[in-house]
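>>> Coordinates for the following, if possible.
(one chain, ligands or ions: 2)
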Amino acid sequence: MKELRPHPKIKIGASILAADPLHLEREIQKVQEGGVDLIHVDIMDGHFVPNLTMGPFVVEGIKKAARVPLDLHLMVEYPSKFIEPFRQVSGKGDYFTFHIESRDEPRRVISQLREVGFRVGISLNPPTQAERVEGLLGEVDLLLVMTVNPGFAGQKFIEGVMPKLRHLRSLSPELDIMVDGGINEETVPIAARHGANIVAAAKGIFGKKDPAQAVRDLRHLTQENFLAGSDPATVGGRH
Ligand code: DX5
Ligand code: ZN
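Ligands and ions are numbered 1, 2, ... in the order given. Below you'll find the model as predicted:
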């Protein structure tokens, strides 16, 4: 197996936004059989994005079924407001990922999240410049580079985000960098080549006949393509 240099661990997140809402437990079991690393939960407030999804009530149920950490992806205007309600229904090792475009002061949100023990993720939308998050990379556990404009599952992967992803990877060779949006077997090699070591997918997993196999396929493709063909001198390496 080719491996150019040590790199952050490849992880796969299954976004339950495309799971059968009447059978979430069964759906979560299926992806766990495929070795999924994270259950990605898309939380939308109807303001930050034009869609409403789930709150702590549903997340509490998901948490009971999950044997792997949750990755709560908050697409909300005021993330601070939701830290406590979600803390009550989640646990050690779970991520709380919020957007740099939200209205709360990011450093404050990060310290509030640290105080209650969440792992911290920061996300940026496709049109948002990398500079907005560069100063925060040392303070977070996860950077989520959106590859669609958030709001819905099943949208088309925006390849124009790739130079930004590559740039952010070059700044942070060891950081967990996730992509989310339009990820499937065709697009995942592109994202991995540009430096994503974590991929989240909704339709690309739950939209398939065999979600467990879809998880394995995404892992294999991410592993095979992670920074493939890039120059270690420009991307940096782990020592
Ligand atoms: C988009 C959400 C994504 C979405 C991905 O707003 O943040 O997590 O569920 O869906 P797919 O993988 O179908 O594009
Ligand atoms: Zn998401």
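
>>> What ranges does the chain have for its strands?
All strands of the chain, identified by DSSP state E, fall at 11-15, 38-44, 70-75, 95-99, 119-124, 142-146, 176-180, 198-201.

>>> In CSV: those, plus distance to Met54 and mean neighbour count.
In this view, the C-beta of every residue, glycine as well, is placed from N, C-alpha and C. What follows is the strands of the chain, written out as CSV (distance: least, Cβ to Cβ, whole Å; neighbours: other Cβ atoms under 10 Å):
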stretch, distance to Met54, mean neighbour count
strand 11-15, 12, 27
strand 38-44, 6, 25
strand 70-75, 10, 26
strand 95-99, 15, 27
strand 119-124, 18, 22
strand 142-146, 18, 26
strand 176-180, 16, 25
strand 198-201, 16, 28
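
>>> near ligand 2, which residues of this structure?
Those residues of the chain that sit near ligand 2, judged by Cβ under 5 Å from the ion, are 42, 73, 180.

>>> Show me which of these is closest to Ala130.
Using Cβ to Cβ, Asp180 comes nearest to Ala130 of the residues of the chain next to ligand 2, at 16.4 Å.

>>> Can you name the residues that contact that closest one?
Applying Cβ atoms under 8 Å, 6 or more residues apart in numbering to Asp180 gives the contacts 13, 15, 40, 73, 123, 144-148, 199-201.

>>> Go through the residues you listed and say which is closest to ligand 2.
Checking the contacts of Asp180 against ligand 2 with Cβ to the ion, the nearest one is His73 at 3.8 Å.

>>> List the residue ranges of this structure that fall below the pLDDT cut-off.
Across the chain, residues meeting the criterion (pLDDT under 70) sit at 1-6, 231-239.

>>> who in it is up against ligand 1?
15, 17-18, 40, 42, 73, 148, 150-155, 180-183, 200-204 (Cβ under 6 Å from any ligand atom).

>>> Apply 8 Å and report the result again.
15, 17-18, 40, 42, 44, 49, 51, 73, 75, 146, 148-155, 157, 180-184, 200-205, 207 (Cβ under 8 Å from any ligand atom).

>>> Please name whichever of the strands of the chain is nearest to Leu165.
strand 142-146 (5.0 Å).

>>> Strand 11-15 and that closest one, what's the angle between them?
60 degrees (axes from the mean of the first three to the mean of the last three Cα atoms, to 10 degrees).

>>> What is strand 142-146 packed up against?
strand 95-99, strand 119-124, helix 162-171, strand 176-180 (3 or more Cβ pairs under 8 Å, 6 or more residues apart in numbering; DSSP states H and E).

>>> Apply 6 Å and report the result again.
Under the contact definition 3 or more Cβ pairs under 6 Å, 6 or more residues apart in numbering; DSSP states H and E, strand 142-146 sits against strand 119-124, strand 176-180.

>>> Which neighbouring elements make contact with the longest one?
Spelled out, that is strand 119-124. strand 95-99, strand 142-146.

>>> So which of the helices and strands packed on strand 142-146 is nearest Val133?
strand 119-124 (5.5 Å).

>>> Point to the residue nearest the middle of this structure.
In the chain, the residue lying closest to the centroid (Cα atoms, centre = their mean) is Met178, at 4.7 Å.

>>> partners of it in the sheet?
Using DSSP bridges, the beta-bridge partners of Met178 come out as Leu144, Ile198.
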